[in-house]
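Student: Structure, please.
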Amino acid sequence: MNDCLFCKIIVGDIPSAKVYEDDMIYAFRDIAPMAPVHVLVIPKVHIASADGVNAENSAYVAHIFEAIPKIAAAEGLTNGYRVITNCGEDGCQSVKHLHFHILGGKKLPDQMA
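Tutor: I've put the predicted structure just below:
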C-alpha cells in the first residue's frame with residue numbers, strides 16, 4: 001500500500017531502528033515507547049488489522065509468533081514481557097497495518113488502557 005506508514009518503513013522509505021528482519025517480518029523500536037523495551041513486529045505483506053487475517057496470510061502471523069520469543073530474548077526480556085495488538089478505532093489502532101507490540105524491561109501494570 002503506497003500510503004501505509006509501516007509499508008514505507010519495510011521498504012526503507014522511512015527510517016526505523018531495526019531490531020529483527022527476515023523474509024516475512026520486520027521488527028523495529030517504537031518511536032514513543034511505553035516500556036523500557038517496546039518493539040513493533042509487522043508482517044512484510046500489508047494486512048490492515050487482526051480482522052484481515054485469513055487462510056491466505058495467517059502464515060505471517062504464525063511466523064511472527066515464532067519470532068517473538070527470539071526477539072524478546074535478544075532484547076534481554078528474561079523475566080517476561082507482554083504482546084499486544086490493537087484492532088480498529090475502539091481498539092486504538094493507530095496504524096492500519098497489523099502489528100504486534102512487545103513490551104517489557106520492567107514490571108508492567110496489570111491493566112494497560
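Student: what about the longest strand in this protein?
Tutor: Identified as the longest strand of the chain according to DSSP state E is strand 37-43.
Student: Tell me which other helices or strands the helix or strand following that one touches.
Tutor: Next helix or strand after strand 37-43 toward the C-terminus (DSSP states H and E): helix 58-74. For helix 58-74, the elements it packs on are strand 18-21, strand 25-29, strand 37-43, strand 100-104, judged by 3 or more Cβ pairs under 8 Å, 6 or more residues apart in numbering; DSSP states H and E. For the C-beta atoms, the positions are set from N, CA and C on the backbone; glycine is no exception.
Student: residue ranges with poor pLDDT in the protein?
Tutor: Residue ranges of the chain with pLDDT under 70: 1, 112-113.
Student: Now distance to His63 too, for the helices and strands packed on helix 58-74, in a markdown table please.
Tutor: What follows is those, written out as a markdown table (distance: least, Cβ to Cβ, whole Å):
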| stretch | distance to His63 |
| --- | --- |
| strand 18-21 | 11 |
| strand 25-29 | 6 |
| strand 37-43 | 8 |
| strand 100-104 | 11 |
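Student: ok, for Asp30, nearest residue in space, not its chain neighbours?
Tutor: Leaving aside its sequence neighbours, Asp30 sits nearest to His38 (Cβ to Cβ, 6 or more residues apart in numbering; 4.1 Å).
Student: what about that neighbour, neighbour count?
Tutor: Using other Cβ atoms under 10 Å, His38 has 17 other residues around it.
Student: Check the spacing between it and Gly105 real quick.
Tutor: The spacing between His38 and Gly105, counted by Cβ to Cβ, to the nearest Å, is 8 Å.
Student: With that, I have no additional questions.
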